[in-house]
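okay, structure incoming, though there's no sequence with it:
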């Protein structure tokens, strides 16, 4: 059920800025982060996509996601025994150098530090 909900949220967050803001305003981030850290690897991948959609080109949303704890969760996905698909979602969508450039400088630095130290 959580995977299906994350899939629906991922689709909504691929839409308009109003749709993205509605997701941010309705407390969807904590359950998405929880799913990223769960044993449901398919659900985690979908949740990581939804988080990326929320963050894409939105510094306020990036800040909100980082403050909610997104970077440690995604770094853990990328470094732990996550499925290849989960690692790819975390690494390519959030943590790849080209995508880190879209993060604001302090968040970019946090992602880089966590990847280096973890």
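The structure has been received and is ready for your questions. Here the structure is a predicted model, which means the values were calculated and not measured. Residues are numbered from 1 along each chain as shown.

just for the protein, where's the confidence low?
Applying pLDDT under 70 to the chain picks out residues 81-118.

one more time with 90, if that's ok
The chain contains residues with pLDDT under 90 at 1-7, 10-11, 13-15, 27, 36-118.

quick one, helices of it?
Counting by DSSP state H, the chain has helices at residues 2-12, 17-25, 29-36, 41-55, 59-67, 70-79, 84-90, 97-100, 105-117.

and these as a markdown table, adding mean neighbour count?
All C-beta spots, glycine's among them, are computed from the backbone N, C-alpha and C. Putting the helices of the chain into a markdown table (neighbours: other CB atoms under 10 Å) gives the following:
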| stretch | mean neighbour count |
| --- | --- |
| helix 2-12 | 17 |
| helix 17-25 | 14 |
| helix 29-36 | 20 |
| helix 41-55 | 25 |
| helix 59-67 | 17 |
| helix 70-79 | 22 |
| helix 84-90 | 19 |
| helix 97-100 | 12 |
| helix 105-117 | 14 |
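
quick one: neighbours of residue 37, just the number.
17 (other CB atoms under 10 Å).

quick thing: my sequence starts at 15, can you match it?
Renumbered: residue one is now 15, and that last one reads residue 51.

chain neighbours aside, what residue packs nearest to it?
Of all residues not flanking residue 51 in the chain, residue 87 sits nearest, at 5.5 Å (CB to CB, 6 or more residues apart in numbering).

distance check, the one you found against residue 68.
Distance of residue 87 to residue 68, computed by CB to CB, to the nearest Å: 13 Å.

for the closest residue to residue 63 other than its chain neighbours, list the residues it contacts.
Spatial nearest neighbour of residue 63, excluding adjacent residues (CB to CB, 6+ apart): residue 24 at 4.8 Å. Contact partners of residue 24, counting by CB atoms under 8 Å, 6 or more residues apart in numbering, are 60, 61, 63, 64, 67.
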